[in-house]
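A.B. asks: Model the following, please.
(one chain, ligands or ions: 1)
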Amino acid sequence: MSEGKRYLSFVTEKLKERIREVSQSISQGEQEIQGMHEYYWENYTEMDQYGYENFDNQQALLGQVNANQEQRMLRHRLEKMLDAPFFGRVDFCYDGEEEAESFYIGIGNFSQKTGQVPYIYDWRAPVSSLFYDFDKGEASYEAPAGTLTGEIHSKWQYKIRQGKMLYEFESDMKIDDEILKAELGGNGDIQLKNIVRTIQKEQNAIIRNTKDKILVIQGAAGSGKTSIALHRIAYLLYHDRKNMKSSNILILSPNSVFSDYISHILPELGEENIQEMSFDLFAYRELREIVTDCEDRYDQIERELLCPLPEETERLHQKQSEEFLGIAEMFLANLEDSLMEFHEVSFKGIVKTEAELVKLFYFKFQEIPLLARMEAIQEYFTDEYETLYNRKLTEEEEEGLTREFMGMYATRDVYVLYNQLLEEAGWKPLPAVSYEKRTLRYEDVYPMLYLKYRLLGKKGQKNIKHLVIDEMQDYSFLQYTILAELFPCKMTILGDCAQTMEEEQQDVLQFLPGILGKQTRIILMKKSYRNTVEIANYANQIAGLTDMELLERHGKAVEQKIFANQQEVLEEILLQLQKGSDYETTAVLTMTEQEALEAYGYLKERLGEVSYIDRNSSAFQRGITVTTFYLAKGLEFDRVFVLGRKEKNGLLRQAEYICATRALHELAVYEV
Ligand SMILES: Nc1ncnc2c1ncn2[C@@H]1O[C@H](COP(=O)(O)OP(=O)(O)OP(=O)(O)O)[C@@H](O)[C@H]1O
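C.D. replies: Prediction:
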């Protein structure tokens, strides 16, 4: 029997033994809980009148319930490990030692008892980096005590499923590539996979990087950015359990389908899921008191596709730029004077002269944002009164004072002030309407949010210790400025400038260090794993990319055809789909929502089982999916049909690039 198989049966036995022990301890715990309940009901009438005993009992019960819950989680983890306890092994001989030690690597640690030498090492354990970073020969890894050096005698790869060894072999570079191709050659799932078995060296360096405060990864389409970000989170949680909980991490994701697509990886890696949020949604919530509704990014893209107005696109860019911030700051500086009309306040014997108020406003409380400052002065005034007379103000008196103090602002309406800013900057103001009728175009959402924060202050997100931003190319200078203010924490920022959803590619790498500071490290990833060589070459041609490295995985040639109208395209797609295939997921991707709806209606009627993703969808299904390019971003499908356009502008070219790079195995581009 091979070493691997022998170890598998040994570890399987140990795991089963452990599961039995844990199960026993769970039933003991349950009996204990039952006993506590009984004791409580029998004795609670005699417990002390102050409730101390009652409280102690409750606490003990809670402690036992929690302990049992933990044991259950442990059992669940061990049961999962039974399916595939390990996937790799490194035989490493430390310098100065005679014999090599075998380290088996799996999805989690497993040892006989806590604190004992593990039978299996978690893929995130320091020693496991040997598996990802080195081939046979000299090697080293960073342990808490320092760098440990030695020699790798051999490295093994295993595929175990349902406790059975499917294959095992000593690995070298060539075989590693074969395994990777086999992993990628299979059909895509409806969710992103964990890649622990085949993390590549350059990817491992990013996952294990804890030094850099801000890590920015510019990676080609399909280079594994999203996968890496999630594995990195799992790594950070594993290594800093004391300070970092899953609730301390936030991911900014483009939409809910994407969130669902990535949602299972962390639980699979033994961690709790983290919070995710769309920045647009966050912004709307923050602006709710100023406007009733806001457009989102997708509305703006749709408009740009349906009736492109170059001046509108230009305005959008200008309003998100560094120059705009300069203009806004100048406006704010002037507002400090122009917004205020000071007058003396006198209340039951206490007088604050205009000069005194001016002094308080521009000196003592200068740090407080302009629109919140008078409130602070009013509080100061009230305090003075209440201390002097030793009585609290009535509600009515408070209201009267508020009217007086707030009356010193020419206006406190951020919408009105934003309009003044637009006018001063030479732009058309928004309609001067009441709150109920106020809706914002996308171009005004973030400028208004910026103004709101500068005028009223913001709530810092102190609980968040690590922010992950995916699709970094879709955020503007202004958005990053706001994010940097809201989240003064560590960040992992990843994206691909070639996938910008605009006329031109936006190179965020140029301005990010300026906003986020010197501790920003930029890493480029040029190797792509998702697409076949044929698809990647086709896509790269659209985007004008020439320096991408590809994994040598081949497939069918890309099919490219031109049709007279959309109806003909749909007939062709239907024909293709009716032939059937073994693929798990197929996508029909369009440029606009209208086209997607038409395609969906047509195919659904004829094929029955077809799903549609709109911006409110929260998951995508197996089988055929119809959606737009912008909602397919970040996702992948075995086979993709693109409903494209013959005549292309910059945005359409970008859109086609995004569509093409979604395909794992087969791509057809049908243009009208
Ligand atoms: N080391 C790896 N081993 C196995 N599969 C990998 C590896 N790296 C990436 N992949 C696979 O490549 C595909 C692309 O990964 P991912 O979606 O993370 O890339 P991305 O850079 O975020 O892509 P995009 O920007 O185009 O959306 C996924 O199917 C992922 O499982």
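
A.B. asks: Residue numbers of the chain in contact with the ligand?
C.D. replies: Residues of the chain lying near the ligand by Cβ under 6 Å from any ligand atom: 180, 183-184, 192-193, 195, 198-200, 203, 219, 221-227, 496, 529-530, 634, 636, 661. C-beta: built from backbone N, CA, C; applies to glycine.

A.B. asks: Now go through the residues you listed and say which are in helices.
C.D. replies: In this view, the residues of the chain next to the ligand that belong to helices under DSSP state H are 180, 183-184, 203, 225-227.

A.B. asks: Now flag whichever of those residues is closest to residue 128.
C.D. replies: When those are compared for distance to residue 128 (Cβ to Cβ), residue 203 wins out at 13.8 Å.

A.B. asks: Now that the closest one has come up, it's in contact with residue 226, right?
C.D. replies: No: in this structure residue 203 lies outside contact range of residue 226 using Cβ atoms under 8 Å: 11.6 Å.

A.B. asks: that older thread, next, format the ones in helices among the residues of the chain next to the ligand as a markdown table and append neighbour count.
C.D. replies: Shown next, in a markdown table, are those (neighbours: other Cβ atoms under 10 Å):
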| residue | neighbour count |
| --- | --- |
| 180 | 17 |
| 183 | 14 |
| 184 | 20 |
| 203 | 24 |
| 225 | 25 |
| 226 | 25 |
| 227 | 21 |
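
A.B. asks: Show the contacting residues for whichever residue of the stretch 351-500 of the chain sits closest to the ligand.
C.D. replies: Proximity to the ligand, evaluated over the stretch 351-500 of the chain using Cβ to the nearest ligand atom, is greatest for residue 496 at 4.8 Å. Residues in contact with residue 496 (Cβ atoms under 8 Å, 6 or more residues apart in numbering) are 218-221, 223, 225, 473.

A.B. asks: With pLDDT as added columns, please give those in JSON lines.
C.D. replies: Listed next are these as JSON lines, based on pLDDT from 0 to 100:
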{"residue": "218", "pLDDT": "94"}
{"residue": "219", "pLDDT": "92"}
{"residue": "220", "pLDDT": "91"}
{"residue": "221", "pLDDT": "92"}
{"residue": "223", "pLDDT": "94"}
{"residue": "225", "pLDDT": "94"}
{"residue": "473", "pLDDT": "92"}
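
A.B. asks: Please tell me which one of those counts the most neighbours.
C.D. replies: Among those, residue 220 has the most neighbours (other Cβ atoms under 10 Å), with 29 neighbours.

A.B. asks: Next one: that residue from residue 496, what distance?
C.D. replies: Note on residue 220: its distance to residue 496, by Cβ to Cβ, to the nearest Å, is 6 Å.

A.B. asks: Can you get me a residue count around residue 667?
C.D. replies: Residue 667 has 28 neighbours, counted by other Cβ under 10 Å.

A.B. asks: Give me the secondary structure label for it.
C.D. replies: At residue 667 the chain is in strand, as set by DSSP: H, G, I helix; E, B strand; the rest coil.

A.B. asks: quick check: domain ranges of the protein?
C.D. replies: 1-173, 205-285+459-527, 341-407, 533-671 (the TED database).

A.B. asks: Do me a favour and average the pLDDT over the shortest one.
C.D. replies: Going back to what we said before, that points to domain 341-407. Domain 341-407 comes out with an average pLDDT of 93.
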